[in-house]
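J.: The sequence and its predicted three-dimensional model are supplied below.
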Amino acid sequence: MDEKNTATQAFIGLGANLGDPEAQVRRALLALAGLRGTRLVAASSLYRSAPVGYTAQPDFVNAVAEIETRLGAQALLGELLATEARFGRVRTLPNAPRTLDLDLLLYGDRVIAEPGLIVPHPRMHERAFVLAPLAEIAPDIAIPGKGRAGALLAACAGQKVEKIG
């Protein structure tokens, strides 16, 4: 289903570490607000974090956006991937540097496991760079099967995440 009659609350993780990452993330928030059938409800502050996995790259700038969308989960994912491409995203190796990364973190309270789409995002509950901005705009949000964002963030206390604006 492409568009629905009712809107679904969804959360999108944003990240960038190439070019001007702060500007890229701010522009991406505007792009999310412009998606068809979608309204930007809230955007977190920007956060700086060290790369995970492949660490020989610049720090990331991250944020989380809350949206209400009439797009189905797969259609929303398609829009996110198209937005990444417009921002110059090239997929090489996993965790590589990028001009923009948009992750569908949560789609309502649904648990989705389809080819190319897993919601909640499979590692979001163990990553402070996702949980800090998420807890800022939705402190009581529950990640299905994992718990509340604030409590999960406390368990990631050893990961350095710095609010930058």
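T.: Arrived safely, thanks for sending.
J.: Could you look up the SS state of L106?
T.: Put simply, L106 is strand when judged by DSSP: H, G, I helix; E, B strand; the rest coil.
J.: now swap in A63 and tell me
T.: Using three-state DSSP, the structure places A63 in strand.
J.: tally of neighbours for P58?
T.: For P58, the count of nearby residues is 13 (other C-beta atoms under 10 Å). Just so you know, the C-beta spots here come from the backbone N, C-alpha and C atoms, and that holds for glycine as well.
J.: Tell me how far the nearest residue to it once chain neighbours are set aside lies from R39.
T.: Leaving aside its sequence neighbours, P58 sits nearest to N17 (C-beta to C-beta, 6 or more residues apart in numbering; 4.6 Å). Going from N17 to R39 by C-beta to C-beta, to the nearest Å gives 28 Å.
J.: before we move on, back to that, what about the residue nearest to P58, how many neighbours?
T.: Neighbourhood size, N17 [other C-beta under 10 Å]: 21.
J.: residue contacts, it?
T.: P51, Q57, P58, D59, F60, V61, P97, R98 (C-beta atoms under 8 Å, 6 or more residues apart in numbering).
J.: In contact with the last one, which residues?
T.: Contacts for R98 (C-beta under 8 Å, 6+ apart) come out as G15, A16, N17, L18, E84, R89, V90.
J.: at 6 Å instead, please
T.: Shown in contact with R98 (C-beta atoms under 6 Å, 6 or more residues apart in numbering): R89.
J.: so which helix or strand takes in it?
T.: Under the criterion of DSSP states H and E, R98 resides outside all helices and strands.
J.: List the strands paired with the longest strand that the chain contains, with their directions.
T.: Taking DSSP state E as the criterion, the chain has its longest strand at strand 3-16. Here strand 3-16 is paired, per DSSP bridges, with strand 60-71 (antiparallel), strand 101-107 (antiparallel).
J.: Only the buried residues of it, if you could.
T.: Judged by neighbour count using 16 or more other C-beta atoms under 10 Å, the buried positions of strand 3-16 are A7, T8, A10, F11, I12, G13, L14, G15, A16.
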